[in-house]
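Participant: Here is the input, now give the coordinates:
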Amino acid sequence: MHCELLVPALFPTREPAREALAELRLPALELLLARGRSAGAPQLSPERWLVEAFGGEDAPLAAGALSVLAEGSEPGEDVWLRADPVHLRLGREGVALIPSAAFEVSRDEAEAMCESLNRHFAGTLTLYPLAPGRWCARLQDEIIAAAESPLEIAGELVHERFAAEPAARAWHSLLTEIQMVLHEHPVNAERERRGAPALNSVWLWGAGRAPRDAAGPWQSVSAAEPLALGLARAADIARRDLPATVEEWLARAPEDGRHLLVLDALRAAHALDDAQAYAERLRAMEARWFAPLLAALRAERIGMVSLHVPDAADARSFETIGGDLRRIWRRPRALERYL
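Facilitator: Next up, the predicted model:
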């Protein structure tokens, strides 16, 4: 069995998470990285890596349609995009984007705001709150939208993002109109009363139609990330929710083939510069995933472990088989040494 891991933010690019690594030792992960073979790779967002891994090198990042597929619904031939709720925070240098991972959004709030937006945009735009912090929109016409998720641009200045997309005038106009609808919404009045960040905008990204020819090399995909599950469904590959531990995964995985697991627990903490949460989640991944995978490799329950970190400044992939563990001259080193 070949177990492949996609682990965004394992080699962090933001300073708080990089500093957190200086205090961490992760024996199992360090050994897997040191004893295996590594290869450089192009730097890609996790979403782009997934799309290309499923054969979409030149395909648009159809995050909206793939999220609909992940829910078990049919996107059809319509244009979909993600319309995730965000908070825009005014500062000295401009307006910064804060993703919904930084605060709580209730199901009732999401449904009320989508209902208001759907009334306002009736006939041109329909929003669906697939989850409280994850909305999708169906459009009547094509639109140029962002390719990056809110987590990719957390804390960035929004006007700089618009300046980088000079052709996206319709996108900018639509966002402005959405913000006007949300500005005085009763949900936001109540959120501000209790000191919660207002849901004063959405981030429109990942526009496109569902892929028709997705094909992946795996027998199964386990993830919480909807794009991974949507691509697995498009490629007619077994898809499963990510279990809590390796043992749970091994109990239901077949004994052969290649299997992808998307371990993205670090990503939000990294994007939000939460060093404490980043360190805690990495320790949990060591205990629940890396240490048991190392034990399974030693016991020959798994034949190979591959680990992909495409979003690092020095993007890399690592491949380790059981025999590699005998390469004792390749001494483990702290994770910060890989930065």
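Participant: In this structure, where's the longest strand?
Facilitator: Identified as the longest strand of the chain according to DSSP state E is strand 79-90.
Participant: tell me how far that strand is from the chain's mean position?
Facilitator: Centroid separation for strand 79-90 versus its chain: 15 Å, with C-alpha atoms, centre = their mean, to the nearest Å.
Participant: Could you give me the buried positions within it?
Facilitator: V79, W80, L81, R82, A83, D84, P85, V86, H87, L88, R89 (16 or more other C-beta atoms under 10 Å). Where C-beta positions appear, they are placed from N, C-alpha and C, glycine not excepted.
Participant: mind checking how far the closest residue to the second one other than its chain neighbours is from E225?
Facilitator: Excluding the flanking residues, the one nearest W80 by C-beta to C-beta, 6 or more residues apart in numbering is G64, at 3.3 Å. G64 is 14 Å from E225, where distance means C-beta to C-beta, to the nearest Å.
Participant: D78 now?
Facilitator: 22 Å.
Participant: Need the residues that contact the next helix or strand after the longest strand of the chain.
Facilitator: Next in sequence after strand 79-90, counting helices and strands by DSSP states H and E, comes strand 95-99. Under the contact criterion C-beta atoms under 8 Å, 6 or more residues apart in numbering, strand 95-99 has outside partners 84, 86-89, 149-151, 153-159, 161, 197, 201, 203, 268, 271-272.
Participant: Which among those residues count as buried?
Facilitator: Counted by 16+ other C-beta under 10 Å, those give 84, 86-89, 149-151, 153-154, 158, 161, 197, 201, 203, 268, 271-272 as buried.
Participant: Filter those down to the ones in strands?
Facilitator: Cross-referencing the buried ones among the contacts of strand 95-99 against strands under DSSP E gives D84, V86, H87, L88, R89, S201, W203.
Participant: got CSV for those, with pLDDT too?
Facilitator: Formatted as CSV, those follow (pLDDT from 0 to 100):
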residue, pLDDT
D84, 96
V86, 96
H87, 96
L88, 93
R89, 91
S201, 94
W203, 92
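Participant: among these, which two are most distant?
Facilitator: D84 and R89 (15.8 Å; C-beta to C-beta).
Participant: Next, P292: secondary structure please.
Facilitator: Using DSSP: H, G, I helix; E, B strand; the rest coil, the structure places P292 in helix.
Participant: In contact with it, which residues?
Facilitator: T245, V246, E247.
Participant: out of those residues, which one sits closest to T320?
Facilitator: Distances from T320 to the contacts of P292, taken by C-beta to C-beta, are shortest for V246, at 14.8 Å.
Participant: I figured the closest one hits A287, correct?
Facilitator: No. Using C-beta atoms under 8 Å, V246 is not in contact with A287; the gap is 10.1 Å.
Participant: Identify the contacts common to the two.
Facilitator: Joint contacts of V246 and A287 (C-beta under 8 Å, 6+ apart) do not exist.
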